[in-house]
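Engineer: I'll drop the sequence and a predicted model, then ask my questions.
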Amino acid sequence: MSRETVVVNQPLQELSSSGFEMANGEPDIRGWKVFSGVNQHIGKVKELLFDVNAQKIRYLILDLDGKPLNLLSRDVIIPIGLAELDQKENVVYLPDITVGHLATLPEYKKGKIDYDTERGVRDVFIPQNSEAAEKLADFEAKENPEREAFYRTPYFDENRLYRRRKNDNSREKIVQDPGPITGNNVKEDVVYIPDEKDPSVLRKATIVREVPGER
């Protein structure tokens, strides 16, 4: 009996171990309470899954409190494009997610995210036999590489996270590489700025600024 090979998506890493950090001025939502679309507390943000190659956040890891929902408490991953921050409070909302979605999501286990798992998570929100799923399948079939096509949907749009917050258009980046410190007390920050034609695509840029002292 042949054994199926599971291909793990190595670029997906928890943000805390990815070598990147939240950009200056951007809130670190890890530890924040999470509420459903009917304003029910369903858990907290345990971590963020970061795509090291694309340098984008792909999922938030939800520490699901299943007891009040009659569900099993466990960690699940939610595509980042389904999350929104409260306008003022340190709270995350999942306005489009139902109890049915949460019941169907597979349990997240660190370091064991494979492509089939990601498709399974996406299919929870886009039924396989739906017209939307057919369009996505056609789109992915024409794109190369397939992984980039997979994420090129509103479900993975990081910009939606700040939709409820004021001055949303002024945000340029979500994460950054800490960057090196030179002998002249200058810090180089690698930042990612939304493309003018397609805001879901972040373009790499470097900001050089003076700092008080060495790290």
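Structural biologist: Good, I have the coordinates.
Engineer: residues near the nearest residue to residue 29 once chain neighbours are set aside, how many?
Structural biologist: Once flanking residues are discounted, residue 29 sits nearest to residue 45: 5.1 Å by CB to CB, 6 or more residues apart in numbering. C-beta here means a position set from N, CA and C on the backbone, and glycine is covered the same way. Neighbours of residue 45 under the rule other CB atoms under 10 Å: 19.
Engineer: now do residue 72, the pLDDT please.
Structural biologist: For residue 72, the model assigns a pLDDT of 95.
Engineer: who does the one helix or strand the residue nearest to residue 29 maps to pair up with?
Structural biologist: For residue 45, the host element (DSSP states H and E) is strand 41-51. The pairing partners recorded for strand 41-51 under DSSP bridges are strand 12-14 (antiparallel), strand 33-36 (antiparallel), strand 56-64 (antiparallel).
Engineer: could you point out which element follows the longest one?
Structural biologist: Right, strand 56-64. Counting by DSSP H and E, the next helix or strand C-terminal to strand 56-64 is strand 74-79.
Engineer: need the residues that contact whichever helix or strand comes after that next one.
Structural biologist: As assigned by DSSP H and E, the chain's next helix or strand after strand 74-79 is strand 84-85. By CB atoms under 8 Å, 6 or more residues apart in numbering, the residues outside strand 84-85 that reach it are 27, 29, 91-95, 160-165.
Engineer: quick one, which of those are buried?
Structural biologist: Neighbour-count burial (16 or more other CB atoms under 10 Å) applied to the contacts of strand 84-85 gives 29, 91-94, 160-162.
Engineer: in strands, which of these appear?
Structural biologist: Counting by DSSP state E, the buried ones among the contacts of strand 84-85 place 91-94 in strands.
Engineer: how about the residues you listed in TSV, adding pLDDT and distance to residue 40?
Structural biologist: Listed next are these as TSV, based on pLDDT from 0 to 100; distance: CB to CB, whole Å:
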residue	pLDDT	distance to residue 40
91	95	12
92	96	13
93	95	11
94	94	10
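Engineer: so what's the residue count around residue 100?
Structural biologist: Neighbour number of residue 100 under other CB under 10 Å is 9.
Engineer: and residue 121, what helix or strand is that in?
Structural biologist: Going by DSSP H and E, residue 121 is in helix 115-125.
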